[in-house]
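A.B. asks: Sharing a model prediction with you, sequence too.
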Amino acid sequence: MDKRLDNPEGAEVRKGPWTIEEDFMLVNYIAAHGEGAWDTLARSAGLKRTGKSCRLRWLNYLRPDVRRGNITPEEQVLIMELHAKLGNRWSKIAAHLPGRTDNEIKNFWRTRIQKYIKQDDQTCSTAQSSQHCDSISPSQISTDASISTLASASMNHIADHCSVSPYLTNFHHLEATFPPPNGLPSPEATAESFWGLDDLWPMQMFTDH
DNA sequence: AAAACCGGCAACCGCACCACT
DNA sequence: CAGTGGTGCGGTTGCCGGTTT
């Protein structure tokens, strides 16, 4: 954790999980200057991160329109349908799901859907010696029967597993580091008991640039 | 209570593509 | 056309928290 590497120029490059302070620096800089030119952005913002790392963090986590958790049954079915059509084109699939990122969909597919495919594999391999079970192809999954089987199997389970990223709870610490200005309510005082990105975004306007 | 195991997810890596010179 | 830098994408890894033994 908190791994650091040195690039050829000798400049320190941080790796590993992002800190709240780094998130703030990135959000503030993008709010002021816009996104793009990520390597330059990383340097200008004072972040000891690669441009790629900054881009990934922004796209997958810090963007104001990003939605996290609570993948709805409708979205699940849509993901399965789109995967049947597009295969592992996660960014293309994500483009049909506003607020969802390719990384999130990819992880969702690998951890949730593939589990049920494997389970399906085992049940069908015991019943019959079928090669369909090794890996499911887009054409195989594209049948209505497959989709409905996977959807029904996954929906009941997944609906119970929606969670808020534990990361967001760490925004408690922000209040000490970046106290809200006069007139702005503390997120502590709101119905939510934790800081979220909705809280982070307004706060970027009153931190230094 | 402690250790082992497992699932979920954030982040990194390598490659491909594109635009610019 | 070739070289280079920036960006996007998909695959993979490793950490962490929860569960099971």
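C.D. replies: Nice, I can see it. Numbering: from 1, shown residues only, chains lettered A, B, ... in the order given.

A.B. asks: Going by C-alpha atoms from here, please, whenever you check contacts or count neighbours.
C.D. replies: Fine.

A.B. asks: where in chain A is pLDDT low?
C.D. replies: Within chain A, the segments meeting pLDDT under 70 span A:1-11, A:115-209.

A.B. asks: Dihedrals phi and psi, A:Trp18?
C.D. replies: phi -80, psi 140 (degrees, to the nearest 10).

A.B. asks: again with A:Val13
C.D. replies: Main-chain dihedrals, A:Val13, degrees, to the nearest 10: phi -120, psi 120.

A.B. asks: Could you give the bridge partners of it?
C.D. replies: A:Leu5 (DSSP bridges).

A.B. asks: Number of residues surrounding it?
C.D. replies: A:Val13 has 14 neighbours, counted by other CA atoms under 10 Å.

A.B. asks: Please apply the same query to the one 3 residues further on.
C.D. replies: A:Gly16 is flanked by 11 other residues according to other CA under 10 Å.

A.B. asks: what about it, which SS state?
C.D. replies: Assigned with DSSP: H, G, I helix; E, B strand; the rest coil, A:Gly16 falls in the coil class.

A.B. asks: do the helix or strand containing A:Ile30 and DNA strand C meet at all?
C.D. replies: For A:Ile30, the enclosing helix or strand under DSSP states H and E is helix A:20-33. No - on the criterion CA under 7 Å from any atom of the strand, helix A:20-33 is out of touch with DNA strand C, staying 12.2 Å away.
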